[in-house]
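predicted model, plus sequence, below.
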Amino acid sequence: MTVDHPTPHPDLSVTDVGGVRYLRHKRTRQSSMLLSDPFETDFEYSAYLHVTVAVKPEATRVLVIGLGGGMLIKRMWRDYPRMHLDVVEVDEAVVQVARDYFGLPEDERINIVHGEGRRFVGEAASSYDIIVVDAFDDDRIPRPLTTEEFLRQARDHLAPDGVIAYNFIGPVQGDYSRPFRSFHRTAANVWRRVWVFRVKMAEGRLPGPNDNVVLVATDAELPTSELLDRIANRVGGQVSVPAFETFGEDLHTRPIRTGDVPIITDPRPPRRTSRSRGGRTG
C-alpha cells in the first residue's frame, strides 16, 4: 500500500511504501524512516557517517550541512547525549517536512539554521569536532561545497583532530568516476588523512553510477589500523547503528587515480581589460 502526504513545496514528496516513509526531492530519494521505528532507516549510507565518531570519540560540537528528513540528526541526538548539533538547511520547506513527517525532535541540542552551508561556515565563530556534508542539488553535491577553498575554510573551523565526512554519489573507479576522483584529489590536498568507505561493497555489491561513497578526512594522528579497531569494537560500545562493526570491510584500500583529474576550485573572476589611453579624441 502506498500513501502520499501533502508537502509545502512542489519539488518535495513524502510517500509511505511498505512500512517505510520516503522523502523525495525532484527525482531523488533523500531520506527514509521506518514507520515502526523513527530512528531507523533503510538508507545504508547514513550509518557510515558515524565513522566520524570513531575518528573523534569525544566529539561534542557537530555541524551538519543538509537536513533532508533528519536521519543522521535524530540518531546522533539520541545516541550521543553530549552532542550539540548545528544543522544548516537551505530550504525552509525541508525543515517543516522533517518536523511534520519524520519526527525531527525540537530540542535545545538541535539548532536548525536556514541558510547556505558555505556562507554559514564562512561566518561561523564556533569550531566543530565533526562536520558532515550531506547536501545535494538533486543528485549532486553543490559545487561550492566541494572546492579547495571551501574545504580549507571548513578545516579552519575544525577543532584539533576534528573530522569531516561527505556523502558522495558516484563510482570510485572506472567509467564515470572522474567527479569522485577529482573530489578525492581536492580533499587529499587539504587533509593529511583521507579514507573512503564504499557502502556495502564488502557484500559483493556490483559497482555502479549511483554508488554511495562516504569520504572521511582529518589531520588527526590516527593510523588506519586504529580507526579499524575502533570501528570493530563500536568505539567502545558508543555506536549502535546496525552492522557498524563490519564497516571497516568497506574501506577502499586500492590507490585512487587522480593524475588525470583537476583539483576543484572556485571560479576565477573575469579578467578586467584596460582601455588604451593613447587613442584619438575628436
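Yep, it's here.

count the residues that sit near residue 83.
Residues within reach of residue 83, counting by other Cβ atoms under 10 Å, total 19. Any C-beta I mention is one placed from the backbone N, CA and C, and that applies to glycine too.

for the helix or strand bottoming out on mean pLDDT in the chain, which helices and strands make contact with it?
When each helix and strand of the chain is scored by mean pLDDT, DSSP states H and E, strand 2-5 comes last, with a mean of 86. The helices and strands touching strand 2-5, judged by 3 or more Cβ pairs under 8 Å, 6 or more residues apart in numbering; DSSP states H and E, are strand 12-17.

partners of the least confident helix or strand of the chain, with directions?
Paired strands of strand 2-5, with direction, are strand 12-17 (antiparallel) (DSSP bridges).

other SSEs contacting the longest strand anywhere in the chain?
The longest strand of the chain (DSSP state E) is strand 158-169. Strand 158-169 makes packing contacts with helix 51-55, strand 128-133, helix 148-156, helix 178-188, strand 212-218 when contacts are defined by 3+ Cβ pairs under 8 Å, 6+ apart.

angle of it against helix 178-188?
Interaxial angle, strand 158-169 versus helix 178-188 (axes from the mean of the first three to the mean of the last three Cα atoms, to 10 degrees): 170 degrees.

name the residues of strand 158-169 that come out as buried.
158, 162-169 (16 or more other Cβ atoms under 10 Å).

now swap in stretch 257-271 and tell me
For stretch 257-271, a neighbour-count test (16+ other Cβ under 10 Å) marks 258, 261, 263-264 as buried.

ok, those residues vs residue 106, which is closest?
Nearest to residue 106 among the buried residues of stretch 257-271 is residue 264, at 36.5 Å by Cβ to Cβ.

quick one, what contacts that closest one?
143, 146-148, 182-183, 186 (Cβ atoms under 8 Å, 6 or more residues apart in numbering).

mind putting these in CSV, distance to residue 20 and pLDDT included?
Below are these laid out as CSV (distance: Cβ to Cβ, whole Å; pLDDT from 0 to 100):
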residue, distance to residue 20, pLDDT
143, 31, 95
146, 30, 98
147, 35, 98
148, 38, 98
182, 34, 98
183, 30, 98
186, 35, 98
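
dump these to TSV, plus neighbour count and distance to residue 46.
Below are the contacts of residue 264 laid out as TSV (neighbours: other Cβ atoms under 10 Å; distance: Cβ to Cβ, whole Å):
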residue	neighbour count	distance to residue 46
143	12	23
146	20	20
147	18	25
148	16	27
182	17	24
183	23	20
186	22	24
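
and those as JSON lines, adding distance to residue 195?
Formatted as JSON lines, the contacts of residue 264 follow (distance: Cβ to Cβ, whole Å):
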{"residue": "143", "distance to residue 195": "23"}
{"residue": "146", "distance to residue 195": "17"}
{"residue": "147", "distance to residue 195": "21"}
{"residue": "148", "distance to residue 195": "19"}
{"residue": "182", "distance to residue 195": "18"}
{"residue": "183", "distance to residue 195": "14"}
{"residue": "186", "distance to residue 195": "15"}
